[in-house]
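Asks: Can you look at this prediction? I've put the sequence above it.
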Amino acid sequence: MRQAMIISNPSSGKEEAQQYVSQVQAILESQQYQVMINETAGVGDATSYCLDACQGGCDLVISIGGDGTLHETINGMMDQKHRPRLGIVPLGTVNDFARALHLSLDPDEAIKQLGSEQVRKVDLGKINDRLFANVVAAGSLAEALSSVSSEDKSKLGSLAYLKEGLKDLVSSPANPLKIEYDGLTWEGESPLFLAALTNSVGGFEKLSPDAVVDDGLIHCFVIRNISVFNSLTLGTSLLFGHLKDHKDVDYFTARDIRVSCTESVHTNVDGEEGPALPIQISVLPQHIEVIVPQET
Ligand SMILES: Nc1ncnc2c1ncn2[C@@H]1O[C@H](COP(=O)(O)OP(=O)(O)OP(=O)(O)O)[C@@H](O)[C@H]1O
């Protein structure tokens, strides 16, 4: 019999995971899976459950929660030869990875989609010794975004980021970043460097419209020092997908990146606080298989 593990985070989003677990179990059992259910109690649990699933030869892991739960889950697959197929029930406030894969953001509908026979091979990123699914942000603005309260995130979703972002863009000091990528170097002052694997960042589905989940590329945006006026046009670019064409933004794609700074600068990884610079980022092309809705 095939084995499936459900990893659910009761604290994600509006704290609704518990009520969906039995629905997920039912759909998996109807597909002849033997189902194990694990509820997370805190930091690192989703990683160790997923590691158990890899080492136990499990066929499928379902992550019920937000991007943070997903981030911890995929980290259980780090350096593992056997990586179970992944299914996602998005219950977070932003759900960038689910957006990028065009999964339904309605939990009932997303659970039905787990019955799909279709899978997609998806890139993951590596930052130092961790994996990421969506985005690495570095710079003073990334630090400001890490401090968006979960209350604000639940209430306002991506608008909370925009509000904080625009407010802080003006006051965030630029840092002297050195970005070495695929044999080239970008050097200059910047309050924000973004390395995105998918089109959806902070709930803005058009932030990185050229990024496709399986293109084997990291899409990089470096925001240069900008004025109050330009921060408004930058906000519009975020909403309408022209960020890479903005005159205060440098854009490039890469496969291997090193970001360093002579000052102390922190990062944000998949919406959670990440390591301080320097960081080494690379892409693991089509590293995992994710269940996606059946194409009609
Ligand atoms: N039982 C628990 N109680 C509180 N926190 C938990 C529990 N289980 C896991 N966590 C923590 O919850 C965080 C992940 O939350 P997640 O991102 O899924 O939800 P969210 O913050 O509501 O969504 P989003 O990231 O989309 O904003 C991780 O830091 C994880 O360690």
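Replies: All right, it came through fine.
Asks: going forward, measure contacts between C-alpha atoms and count neighbours the same way
Replies: Fine.
Asks: Surely residue 256 and residue 182 touch.
Replies: Yes: when contacts are counted by Cα atoms under 8 Å, residue 256 is listed as touching residue 182 (5.6 Å).
Asks: In terms of neighbours, single out the busier of the two.
Replies: Taking neighbours as other Cα atoms under 10 Å, residue 256 and residue 182 compare with residue 256 leading, 17 against 11.
Asks: what's the spacing between the closest residue to that one other than its chain neighbours and residue 221?
Replies: Nearest residue to residue 256, sequence neighbours excluded (Cα to Cα, 6 or more residues apart in numbering): residue 282, at 4.5 Å. Separation of residue 282 from residue 221 (Cα to Cα, to the nearest Å) stands at 15 Å.
Asks: My read is that the residue nearest to residue 256 contacts residue 123, right?
Replies: No: using Cα under 8 Å, residue 282 is not in contact with residue 123, being 10.5 Å away.
Asks: Let me see the ranges of the helices in this protein.
Replies: 17-30, 45-55, 67-75, 96-100, 107-113, 140-146, 150-156, 158-171, 228-240 (DSSP state H).
Asks: Tell me the buried residues in the first one?
Replies: To tie it back to what came earlier, the one meant is helix 17-30. By neighbour count on 16 or more other Cα atoms under 10 Å, the buried set for helix 17-30 is 17, 20-21, 24-25, 27-28.
Asks: Out of those residues, which comes closest to the ligand?
Replies: Nearest to the ligand among the buried residues of helix 17-30, counting by Cα to the nearest ligand atom, is residue 17 at 9.8 Å.
Asks: from what I can see the closest one touches residue 23, true?
Replies: No: the pair residue 17 and residue 23 fails to qualify as a contact (Cα under 8 Å) at a distance of 10.5 Å.
Asks: If you tally nearby residues, what's the number for the closest residue to residue 104 other than its chain neighbours?
Replies: With Cα to Cα, 6+ apart as the criterion, residue 104 has its nearest non-adjacent residue at 5.0 Å, and that residue is residue 110. Using other Cα under 10 Å, residue 110 has 21 neighbouring residues.
Asks: Who are the contact partners of the nearest residue in space to residue 59 that is not next to it in sequence?
Replies: Spatially, and ignoring its direct neighbours in sequence, residue 59 is nearest to residue 84 (4.8 Å; Cα to Cα, 6+ apart). Counting by Cα atoms under 8 Å, 6 or more residues apart in numbering, residue 84 makes contact with 53-54, 57-61, 288-289.
Asks: Residues of the stretch 151-296 of the chain that sit close to the ligand?
Replies: Proximity of the stretch 151-296 of the chain to the ligand, by Cα under 6 Å from any ligand atom, involves residues residue 271.
Asks: Could you report the neighbour count for the residue lying closest to residue 133 once chain neighbours are set aside?
Replies: Computed as Cα to Cα, 6+ apart, the closest residue to residue 133 that is not its neighbour in sequence is residue 124, at 5.2 Å. Here the number of neighbours of residue 124 (other Cα under 10 Å) works out to 25.
Asks: The chain should start at 111 in everything you say after this.
Replies: Understood, numbering begins at 111; the last thing we discussed is residue 234.
Asks: who does the residue nearest to residue 249 when sequence neighbours are not counted bridge with?
Replies: Leaving aside its sequence neighbours, residue 249 sits nearest to residue 302 (Cα to Cα, 6+ apart; 4.6 Å). Note on residue 302: beta-bridge partners by DSSP bridges are residue 333.
Asks: Domains in this protein, by residue range?
Replies: Using automatic domain parsing, the domain parsing of the chain gives 112-225, 245-395.
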